[in-house]
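Colleague: next come a sequence and a model predicted from it.
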Amino acid sequence: MRKKVDERIRTLIENGVKSRHRSMFVIIGDKSRDQIVNLHYMLSKATIKSRPNVLWCYRDKLELSSHRKKRAKQVKKLMQRGLLDPEKVDPFSLFLETGGITYCLYKDSERILGNTFGMCILQDFEALTPNLLARTIETVEGGGLIILLLRSLSSLTSLYTMVMDVHERYRTESHLEAAGRFNERFLLSLASCKACVLMDDEMNVLPISSHIRSITPIPVKEDSEGLPEGEWDLKNLKEQLSDEFPVGPLIKKCCTLDQGRAVVTFLDAILDKTLRCTVALLAGRGRGKSAALGLAVAGAVAAGYSNIFVTAPSPENLKTLFDFVCKGLNAVEYKEHIDFDVVKSTNPEFKKATVRINIYKQHRQTIQYIQPQEHEKLSQVELLVVDEAAAIPLPVVKSLLGPYLVFLSSTVNGYEGTGRSLSLKLLQQLEEQSQVSNKSVEGSVSGRLFKKIELSESIRYASADPIELWLHGLLCLDVTSSIPPINRLPPPGECDLYYVNRDTLFSYHRDSELFLQRMMSLYVASHYKNSPNDLQLMADAPAHHLFVLLGPVDETSNQLPDILCVVQVCLEGQISRKSAMKSLSAGHQPFGDQIPWKFCEQFREANFPSLSGARIVRIATHPSAMRLGYGSQAVELLTRYFEGQFAPITEVEISDEDVQAHVRVTEAAEKVSLLEESIKPRTNLPPLLVSLRERRPEKLHYIGVSFGLTLDLFRFWRRHKFAPFYIGQIPEYCDG
């Protein structure tokens with residue numbers, strides 16, 4: 001039976017196309033895939049250009065094969081089992097054959113980086129991680145759709161207790177039950193996203209998406225020439241520079257005003273030819289950093305630079321950069337195979353990535369990829385380009401800098417890891433050196449110049465995209481710009497350590513959200529590399545616990561206290577001798593329990609893993625409070641707490657309620673249907689912060705730590721009476 005589609009769904013899609021904003025649909029039900037055809041059809045009708053191409057991501061197998069003959073057999077079987085309506089076979093088969101679909105396993109999702117799609121379909125919800133969400137959703141262009149397929153659920157709150165694939169990694173022998181706090185916060189966040197609709201597989205909108213009731217069609221904002229707002233300035237810039245060479249032809253390849261200005265800044269430094277400038281380009285993901293660098297490199301070739309070196313964590317990261325080098329060379333009238341050749345890598349690890357471009361139009365010029373550690377090869381370099389510098393250890397980046405033109409780019413927020421450490425430390429040093437040298441030389445040409453460019457406009461979609469705002473809030477991706485200033489720095493001795501209740505922290509209450517964002521901002525400011533997956537680990541891993549160091553708390557004040565320090569602790573050990581012997585003989589270490597397994601492996605000691613311990617995973621201090629003794633105070637209080645020096649206020653044993661895995665929330669919702677269910681943050685939650693005197697500590701035999709060794713860190717831990725038992729011989733890639 002044919003059914004009229006809710007007009008509000010069509011309006012949401014059309015509004016997204018007009019404003020170049022993305023929309024998201026979560027479809028619940030075993031026949032949810034049948035509605036993909038309808039949504040794709042509505043999107044095709046709303047867009048003026050060709051049919052939107054589709055990215056279909058899945059865990060291990062598609063219900064319908066991407067191979068035509070196999071698909072016909074599968075359709076026949078599904079019809080025999082009554083799982084496929086014969087009336088819907090033709091539209092769905094037609095969609096599969098003509099939809100321009102790219103199929104991608106979640107484990108291979110890195111290969112879609114840099115691509116753009118009109119629609120993204122995500123199935124197998126239990127296989128999703130925060131990294132995968134960010135990586136796949138980012139590929140969708142403005143006006144496009146993200147569709148999340150869920151199997152039939154008796155209640156939306158059953159998502160809270162759904163076992164996710166990643167939970168397998170969080171379980172250890174002594175901590176078996178992972179919580180579903182991340183899923184609870186994910187679901188509650190969907191209700192606050194105005195461009196997201198949850199519906200069943202018959203396209204009935206669920207009550208959680210009540211915001212769609214008031215949706216109205218929006219008018220198209222256009223100027224007299226039919227250009228959307230924002231593109232007018234870019235058009236003017238291109239016209240002003242059209243006669244300049246090589247700037248004019250190259251800037252025509254730019255998509256946003258930000259990107260155009262960045263290319264102009266790079267080319268100014270190139271044409272200056274004093275080789276005494278460092279230019280840093282900072283931006284979030286999808287802002288066109290690599291493309292701008294590629295166009296700038298093409299400009300350097302046109303300006304006569306002979307030796308250009310490019311580095312990145314891997315040559316695969318440079319695909320976009322080298323693509324735009326070639327586009328830029330074509331723009332300045334260089335022909336491939338006549339004026340330049342592209343050399344691909346023969347190393348199977350690099351998967352035929354471009355590693356060199358040889359140019360021989362005017363004289364011999366080369367653009368050569370080098371690995372970050374190969375800084376000794378930079379003797380004849382004129383221009384060095386470092387792409388994704390935030391993913392390269394800071395000591396390595398410093399070793400790459402020298403008396404030549406340097407272009408740095410870094411992702412300041414995004415799933416690949418943030419460049420906050422880079423921007424705080426390296427860029428601050430470069431800026432200070434530039435100011436000092438400029439003052440000392442007073443106009444001479446020997447001092448180095450430093451320029452910083454920031455890109456904010458997205459290439460794929462318009463600004464203020466609601467899906468980007470939702471995703472950044474959910475995954476705490478934009479916390480780099482929101483580190484709160486500290487009102488007062490109290491003496492470390494006056495500060496106290498508090499246990500953070502994770503049920504309350506991830507409950508999606510307004511104050512809890514603000515506190516979580518502030519905690520994550522300290523993480524990002526303190527470490528070389530962060531990943532959204534760290535957030536799910538913090539939320540769901542049963543062995544992990546969070547503590548915060550706060551100054552004296554004013555209970556009369558109606559605001560959140562300043563966080564001076566965040567400590568993440570992982571409980572380890574309590575492994576049976578049988579498991580230890582099995583792992584020793586097999587020569588592999590299970591996930592988690594890092595210190596017990598390392599001790600067991602190095603000393604062939606099968607009894608040590610049975611002891612219970614705690615590993616300090618991270619100590620993140622506020623940037624304004626570093627090297628002032630707050631980290632030391634946090635370690636001191638944590639050690640005293642686990643030693644039992646903070647006796648509970650009452651003599652009666654405190655119950656284990658505060659350390660149980662997770663509060664069950666599905667019982668009340670089991671009797672309510674999907675179309676009647678109302679989802680709201682829970683109200684009967686325990687306090688967010690618990691004084692250590694009010695919580696019984698776990699019984700431990702030891703406290704340990706694992707970190708990338710530097711002299712400062714070694715001295716810090718020795719000062720707190722921690723002794724080294726294992727020092728690796730090979731530098732860790734994540735911290736150098």
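Modeller: All right, it came through fine.
Colleague: I figured F266 hits G294, correct?
Modeller: No. With contact defined as Cβ atoms under 8 Å, F266 and G294 do not form a contacting pair (10.4 Å). From N, CA and C alone the C-beta is placed, and that goes for glycine too.
Colleague: and the pLDDT at S673?
Modeller: You'll see S673 listed with a pLDDT of 67.
Colleague: my error: substitute K529 in the last question.
Modeller: Note for K529: predicted pLDDT of 66.
Colleague: same deal with K398?
Modeller: The per-residue pLDDT of K398 was computed as 83.
Colleague: pretty sure it sits in a strand.
Modeller: No. Assigned with DSSP: H, G, I helix; E, B strand; the rest coil, K398 falls outside any strand and is helix.
Colleague: how close does it get to A303?
Modeller: Noted for K398: a distance of 27 Å to A303, by Cβ to Cβ, to the nearest Å.
Colleague: and D108, by the same measure?
Modeller: With distances taken as Cβ to Cβ, D108 is found 39 Å from A303.
Colleague: higher neighbour count, those two?
Modeller: A303 (16 against 10; other Cβ atoms under 10 Å).
Colleague: now do the residue nearest to the more buried one when sequence neighbours are not counted: how many residues are near it, please.
Modeller: Once flanking residues are discounted, A303 sits nearest to I270: 5.3 Å by Cβ to Cβ, 6 or more residues apart in numbering. Neighbour count of I270, defined by other Cβ under 10 Å: 26.
Colleague: checking I270 next. Helix, strand or coil?
Modeller: For I270, the secondary structure call by three-state DSSP comes out as helix.
Colleague: I'd say it and A298 touch.
Modeller: No. Counting by Cβ under 8 Å, I270 sits too far from A298 to count as a contact (10.3 Å).
Colleague: spit out the contact partners of E432.
Modeller: Not one residue lies near E432 by Cβ atoms under 8 Å, 6 or more residues apart in numbering.
Colleague: separation between it and E376?
Modeller: For E432, the distance to E376 equals 27 Å [Cβ to Cβ].
Colleague: same question, T139
Modeller: Using Cβ to Cβ, T139 is found at 38 Å from E376.
Colleague: A291 now?
Modeller: For A291, the distance to E376 - Cβ to Cβ - is 30 Å.
Colleague: repeat for V412
Modeller: Counting by Cβ to Cβ, the gap from V412 to E376 is 30 Å.
Colleague: these two: who's more crowded?
Modeller: Remark: of V412 and E376, V412 carries more neighbours, 22 against 8, as counted by other Cβ under 10 Å.
Colleague: the more buried one and G284 touch, don't they?
Modeller: Yes. Using Cβ under 8 Å, V412 is in contact with G284, at 6.2 Å.
Colleague: just give me the neighbour total for K351.
Modeller: By other Cβ under 10 Å, 13 other residues sit near K351.
Colleague: ok, it touching K319?
Modeller: No. Using Cβ under 8 Å, K351 is not in contact with K319; the gap is 9.8 Å.
Colleague: quick check: phi and psi on T256?
Modeller: Main-chain torsions, T256, degrees, to the nearest 10: phi -130, psi 160.
Colleague: scratch that, I453
Modeller: Per degrees, to the nearest 10, the backbone of I453 is at phi -120, psi 140.
Colleague: that one: what's it in contact with?
Modeller: Applying Cβ under 8 Å, 6+ apart to I453 gives the contacts R261, A262, T265, V279, A280, L281, L282.
Colleague: what's the farthest-apart pair in the residues you listed?
Modeller: Spanning the widest gap among the contacts of I453 are R261 and A280, at 14.4 Å by Cβ to Cβ.
Colleague: look at these two and report which has more neighbours.
Modeller: Just comparing R261 and A280: by other Cβ under 10 Å the higher neighbour count belongs to A280, 23 against 18.
Colleague: for the more buried one, helix, strand, or coil?
Modeller: Here A280 takes the strand state, with states given by three-state DSSP.
Colleague: excluding its backbone neighbours, what's nearest it?
Modeller: A280's closest residue in space is L408 (Cβ to Cβ, 6+ apart), at 4.5 Å.
Colleague: mind checking the SS state of the one you found?
Modeller: Classification of L408 using three-state DSSP returns strand.
Colleague: give me the beta-bridge partners of it?
Modeller: Residues in a beta bridge with L408, per DSSP bridges, are A280, V386.
Colleague: tally of neighbours for it?
Modeller: 27.
Colleague: same question for M581.
Modeller: Neighbours of M581 using other Cβ under 10 Å come to 13.
Colleague: contacts for stretch 577-587?
Modeller: E173, Q589, P590, P596, W597, C600, E601, R604, A606, N607, P609, S610.
Colleague: can we see that at 10 Å?
Modeller: Residues outside stretch 577-587 that contact it (Cβ atoms under 10 Å, 6 or more residues apart in numbering) are 173, 575-576, 588-590, 593, 596-597, 600-601, 604-610.
Colleague: pretty sure S192 contacts F186?
Modeller: No. S192 is not in contact with F186 according to Cβ atoms under 10 Å; the separation is 11.4 Å.
Colleague: so what's the residue nearest to A303 up against?
Modeller: With Cβ under 10 Å, 6+ apart, I270 has these contacts: 246-247, 277, 279, 296-297, 299-305, 382-383, 405, 407.
Colleague: repeat that for 6 Å
Modeller: Contacts for I270 were tallied using Cβ atoms under 6 Å, 6 or more residues apart in numbering; they are G299, A300, A303.
Colleague: now the helix or strand that contains C57: mean pLDDT?
Modeller: Using DSSP states H and E, C57 maps to strand 54-58. If you average the pLDDT over strand 54-58, you get 94.
Colleague: sheet partners, orientation included, of it?
Modeller: Sheet pairing of strand 54-58 (DSSP bridges) gives strand 101-105 (parallel), strand 117-122 (parallel).
Colleague: could I get the ones you listed in CSV, plus columns for mean neighbour count and mean pLDDT?
Modeller: Output for the strands paired with strand 54-58, formatted as CSV (neighbours: other Cβ atoms under 10 Å; pLDDT from 0 to 100):
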stretch, mean neighbour count, mean pLDDT
strand 101-105, 16, 90
strand 117-122, 25, 95
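Colleague: can you lay out those as CSV showing distance to S209?
Modeller: Output for the strands paired with strand 54-58, formatted as CSV (distance: least, Cβ to Cβ, whole Å):
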stretch, distance to S209
strand 101-105, 27
strand 117-122, 18
